[in-house]
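Undergrad: Let me see the structure of the following:
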Amino acid sequence: MEIKNLKNNTKKVNVKGKIIEKTPTKTFSRMGGEGKIAVAVLEDETGKIELTLWNEDTEKYKVGDEIEVKNGYVKLFRGYKQLSAGKKGEILKIE
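TA: Below is the predicted model of the structure:
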C-alpha cells in the first residue's frame with residue numbers, strides 16, 4: 001500500500017518506506033513498569049506519515065533505515081494520521 005492511500009481507522013496495513021526523521025525516545029510510566037515511545041516520519045514516493053515506535057523498536061530503527069510495516073493500523077492522533085505496528089503487527093528492516 002502507498003502512504004498516500006492510508007486512511008484513518010485502517011487495519012491490516014502493509015507499507016514500505018524510509019525513515020526521514022525521528023524524535024528522541026521518551027520513557028513513560030504505565031501499569032506495572034515503564035514504556036518507551038518515539039515518533040518517526042516514514043516516507044515513500046507518494047507521501048509521508050508519522051510512525052509510532054514502541055519500546056525496543058525505539059532503539060532498533062534510525063533515520064535512513066528502509067523499513068516495512070506489516071499488519072499495522074492507522075489512527076488519528078492530535079488531528080494527524082499516525083501509523084503503528086501495535087501488538088499484532090511488526091516492523092522489519094529492509095536490507
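
Undergrad: Roughly how far does G32 sit from K48?
TA: 34 Å (Cβ to Cβ, to the nearest Å). (C-beta placed from N, C-alpha, C; glycine too.)

Undergrad: could you say what helices and strands the lowest-mean-pLDDT helix or strand in the chain packs with?
TA: The helix or strand of the chain with the lowest confidence, counting by mean pLDDT, DSSP states H and E, is strand 26-30 at a mean of 90. Packing partners of strand 26-30 (3 or more Cβ pairs under 8 Å, 6 or more residues apart in numbering; DSSP states H and E): strand 33-44.

Undergrad: Can you read off the backbone torsions of the residue of the chain most remote from its centre?
TA: Centroid-distance maximum for the chain: G32 at 24.0 Å, with Cα atoms, centre = their mean. The phi/psi pair for G32 (degrees, to the nearest 10) reads phi 80, psi 10.
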